[in-house]
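In: got a sequence here, can you model it:
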Amino acid sequence: MDEMDIEEKEYNYLHHVEYFIKNNLKWILDRLKSKNEIKRDWIKIFKATAREKYDRASELDVGAERVFHNLFGRFNILQVNSTPIGSDLMFDTYDAIIHIDIKTTTDSNPADFGGRIQIGQNQTSYSVNKTKKGSIYPFKASLPPIYSNGKLCLTYIVQIIYNNYDDKPKIISLFSIPNGALYNTYGNCVNAGKHRKDLNKLQSRGDIRFLYKDASRFKNLPYQPSRIIVIYPENPSVDILKKYLGIDKLL
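Out: Reported below is the predicted structural model:
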């Protein structure tokens with residue numbers, strides 16, 4: 001399987017996921033705000049136990065995963081996979097194993113958006129030997145680019161950025177993270193993550209921030225279509241794209 005073949009599969013499944021999410025967007029937005037109906041029952045405990053100050057702590061962290069778990073359970077081209085190493089949402093198709101991770105962050109925590117997104121070792125096949133700035137710490141992904149049954153490993157991220165005081169998100173975006181076999185195309189398009197741990201006797205990042213603004217196109221495909229899709233709002237302004245995605249326009 002050459003790099004164009006890999007990117008064709010990444011591109012095709014990206015748009016399968018896009019259409020399914022967009023066709024259920026009204027339901028998603030409704031379920032994301034369902035927490036507000038019983039907010040007085042949990043808000044004091046949430047504030048008391050949150051690791052960060054309230055305006056930075058994500059109210060949607062676990063709840064958004066529940067919403068998308070429920071949603072993708074109805075996506076009939078995907079069959080859930082029970083493998084213990086992988087994203088929280090992990091599915092089988094006839095030719096790929098698809099990892100979908102839901103990332104939520106508040107708009108007061110810019111370290112986790114604006115062209116970058118945090119990814120864990122069990123969520124990607126994309127390993128790097130050093131970061132873009134030349135850090136000595138490698139990042140060793142836990143997933144293989146191609147599984148032993150011949151199925152391609154694909155990773156997609158749904159990022160939800162919002163404010164705890166609002167009913168609707170600021171933006172919901174979908175990203176296709178390059179497969180690890182595409183390293184020669186995208187190189188060290190990462191910077192340091194929050195945690196570092198010992199893995200296979202290497203000092204390796206337990207997670208890393210992927211710089212999707214540096215890997216925003218399918219570079220091996222004709223016309224180089226975008227790896228970034230905005231799900232909501234439907235027609236984002238330039239200001240929204242700059243602030244939350246770190247780009248001037250959608251490709």
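In: please report how far Tyr183 lies from Tyr156.
Out: Separation of Tyr183 from Tyr156 (CB to CB, to the nearest Å) stands at 19 Å. Where C-beta positions appear, they are placed from N, C-alpha and C, glycine not excepted.
In: the more surrounded of these two?
Out: For Tyr183 versus Tyr156, the count of surrounding residues by other CB atoms under 10 Å is larger for Tyr156: 23 against 18.
In: how much space separates that one from Arg51?
Out: Tyr156 is 26 Å from Arg51, by CB to CB.
In: which residues of the stretch 51-200 of the chain score low on pLDDT?
Out: 54-57, 130-137, 190-200 (pLDDT under 70).
In: show me the helices in it, by range?
Out: Under the criterion DSSP state H, counting those that start in this stretch, the stretch 51-200 of the chain contains helices at 61-72, 183-186.
In: can you add distance to Tyr162 and give those helices back as JSON lines?
Out: Formatted as JSON lines, those follow (distance: least, CB to CB, whole Å):
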{"stretch": "helix 61-72", "distance to Tyr162": "9"}
{"stretch": "helix 183-186", "distance to Tyr162": "29"}
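In: for Pro138, find the nearest of these.
Out: helix 183-186 (12.3 Å; CB to CB).
In: the closest one: how far from the chain's middle?
Out: How far helix 183-186 lies from its chain's middle: 19 Å, per CA atoms, centre = their mean, to the nearest Å.
In: just the buried positions in it, please.
Out: Residues 183, 185-186 are the ones in helix 183-186 that count as buried (16 or more other CB atoms under 10 Å).
In: how much space separates the residue lying closest to Asn184 once chain neighbours are set aside from Pro222?
Out: Excluding the flanking residues, the one nearest Asn184 by CB to CB, 6 or more residues apart in numbering is Glu3, at 7.6 Å. With distances taken as CB to CB, Glu3 is found 13 Å from Pro222.
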